[in-house]
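# How does the following fold in three dimensions:
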Amino acid sequence: MKAALAIIATLLLGTCSQPPTVLEQIMRAGELRVVTPNLPSAYYLGASGPQGPEFELASRFAAELGVRLYIYSVPNVGDVMRELESHRAHIAAAGLTRGMKLPSQTGFGPPYQQVREHLIFRQGGVRVRNLAQAVNSHIEVVAGSAHAATLEQARLAVPNLSWVENPSAETEELLYRLSRREFDYTVADSNEFAIGRTFHPDIRIAFDISVGKALAWAVDARDPSLLRRVTAFYASLKAEGRLASILDTYYGDVDRFDYIQARVFIDDIQERLPQYRHWFKEAASQVGVDWRLLAAIGYQESHWVPTATSPTGVRGLMMLTEETARGLNIPDRLDPRDSIFGGAQYFLRVRNQIPSRILEPDRTWMTLAAYNVGLGHLEDARILTQMHGKNPDSWDDVREHLPLLTQTKWYTQVKRGYARGWEPVRFVENIRSYMDILDWVAADAGPPAQREAAAK
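You can find the predicted model right below:
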């Protein structure tokens, strides 16, 4: 009897299989679930769809696995941790600092970026050289952040150091408020500062509070299968130079929104514009706008360089995405005539989706803003404008509220969430400045309505 029971037990054990690993579960489901915050340093919706460094990395990893990516955002790091702990997410791509406490059965992947913590001040303010010199100043940081923890540690050496922890702001909002002189200093990681200075060129680094912080993904580590694959993925990205390229796209030193350099622009009008001017005029005539408007868009996008290519894949004189060019039946984005006519058609397509009750010149400026940031985000900004009791059909009012899309308090109240709201504002301002210079340098006029819009 005992022998028979032993045989039966052996047979039963032989039929049992090991539960699938985390990686096997992902492969069988055909889906990688990634949680992230809705921030410029992680993930957000741009004019052409999802963008952000964490989104780019997660997309590549999902493609390498051969599964679809399901990426979703949560409000803060605490929520990120809860998603990991519940195993609703396989990976947290959230700019997490290696060494911070993680939920059980999760672990850090390899570091993919080194950042420093800066003390930031506004140009014209007092530049201190250490925290002891900032004792009597107003310092404001994000509540519960690694920056607050760094200041807490620093207080061991500087007992009188004090600061305010803001529970409803992210670093980008604090950089904006600092640029408006609402307080003296804030703390930002070097990658956050690299994005923030694009929109607030008057902010400066006082000094580095800490160095050598490593950012990494947090991974479901109930078994080592996913962590091993993530480690191999990053090793490959680094070896092939793709990791550096992705990070440079978002944090590189390229100043994408320079203030108008009138002298350089005038030189380019003389040297570059003549070979494209007739195409700008022909395309503008087809869509019913002043040719200077198209020329100004082209200069803002590429400085009239027909072979221009951005790290994100937009190309040509008008810097069209591959998807946009395909939708407009543009055969060659690098052909300057194709690019100019494609840009004109795309401008017309966007303008036709702006509410017809919006009159010139507001209609043109809002079209340009949507051209840059996307119609959805423009509509969100118009909703916020209305919420503040202002006119959502007035560009002057909408431009004041577009930057609110960078603030947690406001972008969580609209449909499409975070957007780099300073980008379309600077985009429109630059193009208007280019048009003013073209109006001065070039003698011939465009369609009356558009000339009136340009004049205003």
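
# packing partners for the helix or strand that contains residue 379?
Take DSSP states H and E as the rule and residue 379 turns out to sit in helix 375-387. With contacts taken as 3 or more C-beta pairs under 8 Å, 6 or more residues apart in numbering; DSSP states H and E, helix 375-387 sits against helix 362-373, helix 395-401. C-beta here means a position set from N, CA and C on the backbone, and glycine is covered the same way.

# could you check the angle helix 362-373 makes with that helix?
130 degrees (axes from the mean of the first three to the mean of the last three C-alpha atoms, to 10 degrees).

# So, low pLDDT: which residues of the chain?
Where the chain drops to pLDDT under 70, the residues are 1-17, 47-48, 198, 252-263, 440-456.

# hey, where'd the strands end up in it?
Using DSSP state E, the strands found in the chain span residues 31-37, 44-46, 49-51, 68-74, 91-97, 106-108, 113-122, 139-142, 164-166, 185-189, 203-220.

# Relative to residue 296, which of those strands is closest?
When these are compared by C-beta to C-beta, strand 44-46 sits nearest residue 296, at 21.4 Å.

# Give me the contacts around that closest one.
38, 50-52, 373-374, 376-377, 416-420 (C-beta atoms under 8 Å, 6 or more residues apart in numbering).

# 10 Å instead, please
Here strand 44-46 makes contact (C-beta atoms under 10 Å, 6 or more residues apart in numbering) with 36-38, 50-52, 54-55, 73, 312, 372-374, 376-377, 380, 405-406, 411, 415-420, 423.

# Give me the buried subset of these.
Listed as buried from the contacts of strand 44-46 are 36-38, 51-52, 54-55, 73, 372-374, 376-377, 380, 405-406, 411, 416-420, 423; burial here means 16 or more other C-beta atoms under 10 Å.

# related to what we said a few turns ago, which one, of the strands of the chain, ends up nearest to residue 130?
strand 203-220 (6.8 Å).

# Any buried residues in the closest one, and which?
So for strand 203-220, counting by 16+ other C-beta under 10 Å, buried means 203-204, 206-207, 209-210, 213, 215-220.

# and what of stretch 64-73?
Buried, per 16+ other C-beta under 10 Å, within stretch 64-73: 65, 67, 69, 71, 73.

# now swap in stretch 299-313 and tell me
299-302, 304-306, 308.

# That stretch: how far from the chain's middle?
18 Å (C-alpha atoms, centre = their mean, to the nearest Å).

# Just the terminal-to-terminal distance for that stretch.
18 Å (C-alpha to C-alpha, to the nearest Å).

# Over to stretch 405-421?
5 Å.

# residue contacts, residue 227?
Residue 227 touches 22-23, 91, 106-110, 217, 219-221, counting by C-beta under 10 Å, 6+ apart.

# one step back: among the buried residues of strand 203-220, which one lies nearest to residue 61?
Using C-beta to C-beta, the buried residues of strand 203-220 come closest to residue 61 at residue 217, 8.9 Å.

# Quick check: that closest one vs residue 82, distance?
Using C-beta to C-beta, to the nearest Å, we find residue 217 at a distance of 17 Å from residue 82.

# picking up where we left off before, out of the helices and strands packed on helix 375-387, nearest to residue 163?
So among the helices and strands packed on helix 375-387, helix 395-401 is nearest, using C-beta to C-beta, at 29.0 Å.

# In JSON lines: the strands of the chain, plus distance to residue 236.
JSON lines is the format used below for these (distance: least, C-beta to C-beta, whole Å):
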{"stretch": "strand 31-37", "distance to residue 236": "17"}
{"stretch": "strand 44-46", "distance to residue 236": "26"}
{"stretch": "strand 49-51", "distance to residue 236": "23"}
{"stretch": "strand 68-74", "distance to residue 236": "18"}
{"stretch": "strand 91-97", "distance to residue 236": "17"}
{"stretch": "strand 106-108", "distance to residue 236": "18"}
{"stretch": "strand 113-122", "distance to residue 236": "16"}
{"stretch": "strand 139-142", "distance to residue 236": "34"}
{"stretch": "strand 164-166", "distance to residue 236": "40"}
{"stretch": "strand 185-189", "distance to residue 236": "26"}
{"stretch": "strand 203-220", "distance to residue 236": "15"}
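
# for those, which one sits closest to residue 438?
Comparing the strands of the chain under C-beta to C-beta, the one sitting nearest is strand 44-46, at 27.9 Å.

# For the closest one, which strands pair with it and how are they oriented?
strand 49-51 (antiparallel) (DSSP bridges).

# So what touches the strand it pairs with?
Applying C-beta under 10 Å, 6+ apart, the set of residues contacting strand 49-51 is 40, 43-45, 55-56, 58-59, 69, 71, 249-250, 312, 321, 323, 374, 419-420.

# try 8 Å
43-45, 71, 312.

# what's the most distant pair in those residues?
Spatial extent of these (C-beta to C-beta) is set by the pair 71 and 312 at 17.1 Å.

# Okay, helices next: where are they in the stretch 51-200 of the chain?
53-65, 77-85, 146-154, 171-179, 190-199 (DSSP state H, counting those that start in this stretch).

# next one: the stretch 201-350 of the chain
With DSSP H, counting those that start in this stretch as the criterion, the stretch 201-350 of the chain has helices spanning 225-239, 242-251, 262-271, 274-287, 291-302, 322-327, 336-351.

# Just say which of these is most tucked in.
helix 291-302 (a mean of 25; mean count of other C-beta atoms under 10 Å).

# now that helix, how far from the centre of its chain.
For helix 291-302 - counting by C-alpha atoms, centre = their mean - the centre lies 23 Å from the chain centre.

# Against which helices or strands is that helix packed?
helix 274-287, helix 336-351, helix 362-373, helix 422-441, helix 448-455.

# and of those, who's closest to residue 153?
Of these, nearest to residue 153 by C-beta to C-beta is helix 422-441, at 32.3 Å.

# Now do the buried residues in that closest one.
422-439.
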